[in-house]
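**Student:** Test case, fold it:
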Amino acid sequence: MRDSCQCSECDSSQPKLRQHLASLQIDRRQFLRHLVGVGVLTTASTIAPAAARAEKKLPKALVLSCIDYRILEAERYFLSLQNLGGQYDFTALAGASLALSGMPHQYDADAFWDQLDISYRLHQIKKVLILDHQDCAVYKYKIDPSLADNPELELKTHTEYLSRAYWAIRDRYPDLNIELYFVNLNTEVKQISPLAKT
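**Tutor:** Numbering: from 1, shown residues only. Got it, this is the predicted structure:
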């Protein structure tokens, strides 16, 4: 229903707006200029801080993990405690540290090196975290089917491959900090010190 407006595009609510604008002594053209100005200002003030925040939020690390779903929650919780603020690049390969030695396939190692290079060059990461875990199927498949039955041997084996990964990364990226971890299925995360380079 139209009351005072002669415009074919107006609906019944516009005469009320027009009356309100008239009471403010602002015509439609001034109102629209004001509205566009506020919109530009609001958009600019919203985008500029977001862009500034985006520039500040570069990842601090690259995390290499196994693909095993059983440890993902424990890893997420652990990573939340590492002062990374959720700012890390994440790569998952079956076997984690084992993948860097070309097992189960060489292209897994190649994929890791590509990801690390991208993370290092584009995101200027400062460290790499590698998380192996207990009862890893790839370690059982490639190393020893009964590996998980002997916790000491399992930890020793993971420590050896984590250490190899440590030194391989250190050789290519000497300025990166590298942290090694072993995640138990009970969600305990143990830091591993690398063995001496052989």
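**Student:** what stretches of the chain score poorly on pLDDT?
**Tutor:** Regions of the chain meeting the criterion pLDDT under 70 cover residues 1-56.
**Student:** Look up how far Asn150 lies from the nearest residue to Glu179 once chain neighbours are set aside.
**Tutor:** The shortest distance from Glu179 to any non-neighbouring residue, by Cβ to Cβ, 6 or more residues apart in numbering, is to Leu129 (4.8 Å). C-beta coordinates here come from the backbone N, C-alpha and C atoms, glycine included. Using Cβ to Cβ, to the nearest Å, Leu129 is found at 26 Å from Asn150.
**Student:** Show me which of these two is the more surrounded one.
**Tutor:** Here Leu129 and Asn150 are compared on neighbour count by other Cβ atoms under 10 Å; more neighbours surround Leu129, at 21 against 12.
**Student:** residues in contact with the more buried one?
**Tutor:** Leu129 sits next to 61-64, 79, 82, 88, 178-181 when contact means Cβ atoms under 8 Å, 6 or more residues apart in numbering.
**Student:** Save the residues you listed as a markdown table, and put in neighbour count, distance to Glu154 and secondary structure too.
**Tutor:** As requested, the contacts of Leu129 are exported to a markdown table (neighbours: other Cβ atoms under 10 Å; distance: Cβ to Cβ, whole Å; DSSP: H, G, I helix; E, B strand; the rest coil):
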| residue | neighbour count | distance to Glu154 | secondary structure |
| --- | --- | --- | --- |
| Ala61 | 23 | 26 | strand |
| Leu62 | 24 | 25 | strand |
| Val63 | 25 | 22 | strand |
| Leu64 | 23 | 19 | strand |
| Leu79 | 21 | 23 | helix |
| Gln82 | 16 | 24 | coil |
| Tyr88 | 20 | 26 | strand |
| Ile178 | 18 | 21 | strand |
| Glu179 | 17 | 20 | strand |
| Leu180 | 23 | 15 | strand |
| Tyr181 | 22 | 14 | strand |
